[in-house]
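Enquirer: Quick one: sequence plus predicted model below, questions after.
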Amino acid sequence: MSALCPIGGRGYGPLPEMVASPQDDLVLAPKSAFRVALAIPLCGSAGLWAPSCIASAQLAVAELNRGRGIRGRPVDLVMIDSAVEAQVPVDALLNSLIELGAVDAIVGMHISAIRQRLSKIVQNRIPYIYTPLYEGGERTPGIFAIGETPSEQVGPAMERLQRCYRPRRWAMIGNDYVWPRTSHGYAKQYLQRMGVALVHERYLPFGHNRMEDAIAALATSRADALLLSLVGQDAVDFNRAFGEAGLDRQMFRLCCAVEENGLLAIGSENLKRLFSASSYFGALRTEANACFRESYHSFHGDRAPMLNALGQSTYEGLHFLHGLLERDPEAWRDETGSMSSQLTHRSARWQGVRGRPAERPIYLARADGMLFSIGEKLT
């Protein structure tokens, strides 16, 4: 898959092939188009998220272009590989595109380590919408983080699971970057307040596909519960090994970055006692999600990529961008994600078009076969 290529058209299918590097001439949409860089991982540990992210973004573009587009210009997507393992460094590539005037905004669904790199090069030249769950605290002008944070997601889920199952000892395992470490720091404070022990903590590099040592150490920790913050294929590999070792009989798992694609890859036999907390699941039974699902499958067909929180976030990110620029085309330069509570935009996470992050619901779900069975609303 190339580092950069334009995407569009009806339905999810093969994308045009284009090899891009800072030296290449870029074949892009007509100048009149409003070009959005869709920065998503196309390879490596997080690459399994790409199909759902692309399909959801395509639907948002189609909806926007049935109206006025963005600021009266038709919207086109330029896909950027934002994986840690990408051959072309994403920060160098996006800096070149911004300098050339080849993109007008960024919608990014990637890990926080990439967001931190991009924040140093975007420098308020174009709006940057960051869509997935993240560790919180983003206050850079011109960057709008719209996903849920540990205080919204991890805290309420741990409280509910602690009350229901009363584990005496927790373990924490994550990838070695800012989101797992910050989330676990929050969770450790929470455990301390509850008087519950943390008996094991470990961080793994990306692409660590030999999980035997991590599983063996976890098995001897005597933990009753595990907060797992591995992403993408790393989470798949770990959960497969976890299930094969029979550790589900010893402890339950809270895995907030495992979504419906991950469940399919892990396999139902390895998903016992696996929980997740999120503001969106594909099976969510709300009027807002029913409308989104109908539009999504009408546009892409029944064999479309699985609906999930990370994919839906690119749909919402494009509509957020539309609302941001329609309200005032220049005010974004002096604002941060904190202003999103006042912004009108479309989402599958709530009914209507007004998004208020402080009020968005968080649901606790349990893996049931290879789907999520959504339980109670936590907030």
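Expert: Looks like it came in fine. Residues are numbered from 1 along each chain as shown.
Enquirer: Pull the number of nearby residues for G207.
Expert: 14 (other CB atoms under 10 Å). From N, CA and C alone the C-beta is placed, and that goes for glycine too.
Enquirer: name the element it belongs to?
Expert: Counting by DSSP states H and E, there is no helix or strand that carries G207.
Enquirer: ok, now which ones touch L64?
Expert: If you count contacts by CB atoms under 8 Å, 6 or more residues apart in numbering, L64 has them with I70, V75, L318, H319, H322.
Enquirer: how about the strands of the stretch 151-300 of the chain, start to end?
Expert: 169-175, 197-204, 225-229, 252-254, 274-278 (DSSP state E, counting those that start in this stretch).
Enquirer: Leaving out the residues flanking it, which one is nearest to L227?
Expert: In space, and not counting its chain neighbours, L227 is closest to M172: 4.7 Å by CB to CB, 6 or more residues apart in numbering.
Enquirer: correction: R115
Expert: Per CB to CB, 6+ apart, closest to R115 is Y130, 5.4 Å.
Enquirer: Return the residues in contact with the closest residue in space to K188 that isn't next to it in sequence.
Expert: Using CB to CB, 6+ apart and skipping the chain neighbours, the partner closest in space to K188 is L198 (5.8 Å). The neighbours of L198, taking CB under 8 Å, 6+ apart as the test, are R169, W170, A171, M172, K188, L191.
Enquirer: Please repeat the previous calculation with a cut-off of 10 Å.
Expert: Each residue near L198 by CB atoms under 10 Å, 6 or more residues apart in numbering is listed here: R169, W170, A171, M172, H184, A187, K188, L191, Q192, S221, A223, L227.
Enquirer: Now the closest residue in space to T379 that isn't next to it in sequence. Its backbone dihedrals?
Expert: Nearest residue to T379 in three dimensions, chain neighbours excluded: I362, at 4.6 Å (CB to CB, 6+ apart). Backbone torsions of I362, given as degrees, to the nearest 10, read phi -120, psi 130.
Enquirer: Give me the neighbour count for I362.
Expert: By other CB under 10 Å, neighbour count at I362 equals 20.
Enquirer: Tell me, what's the model's pLDDT at it?
Expert: We have a pLDDT of 94 for I362.
Enquirer: now it: how far from G185?
Expert: Shown here: I362 relative to G185, a distance of 20 Å by CB to CB, to the nearest Å.
Enquirer: same thing with A105?
Expert: Counting by CB to CB, the gap from A105 to G185 is 32 Å.
Enquirer: Would you mind telling me which of those two has the busier surroundings?
Expert: A direct count of neighbours by other CB under 10 Å for A105 and G185 places A105 higher, at 22 against 13.
Enquirer: what bridges to that one?
Expert: Beta-bridge pairing for A105 (DSSP bridges): V36.
Enquirer: tell me the angle of the strand or helix carrying A367 relative to strand 274-278?
Expert: Per DSSP H and E, A367 falls inside strand 363-368. Interaxial angle, strand 363-368 versus strand 274-278 (axes from the mean of the first three to the mean of the last three CA atoms, to 10 degrees): 150 degrees.
Enquirer: What is strand 363-368 packed up against?
Expert: helix 154-165, strand 252-254, helix 260-266, strand 274-278, strand 371-377 (3 or more CB pairs under 10 Å, 6 or more residues apart in numbering; DSSP states H and E).
Enquirer: of all the ones you listed, which gets the most neighbours per residue?
Expert: strand 274-278 (a mean of 26; mean count of other CB atoms under 10 Å).
Enquirer: which residues of this structure fall in helices?
Expert: Secondary structure of the chain by DSSP state H: the helices cover 50-66, 90-100, 112-122, 154-165, 178-194, 212-219, 232-244, 260-266, 287-300, 309-327.
Enquirer: List the buried residues in stretch 119-129.
Expert: Of all the residues in stretch 119-129, those buried under the rule 16 or more other CB atoms under 10 Å are S119, I121, V122, I126, P127, Y128, I129.
Enquirer: Might you list the low-confidence residue ranges for the stretch 251-379 of the chain?
Expert: In the predicted model of the stretch 251-379 of the chain, residues 336-342, 351-359 satisfy pLDDT under 70.
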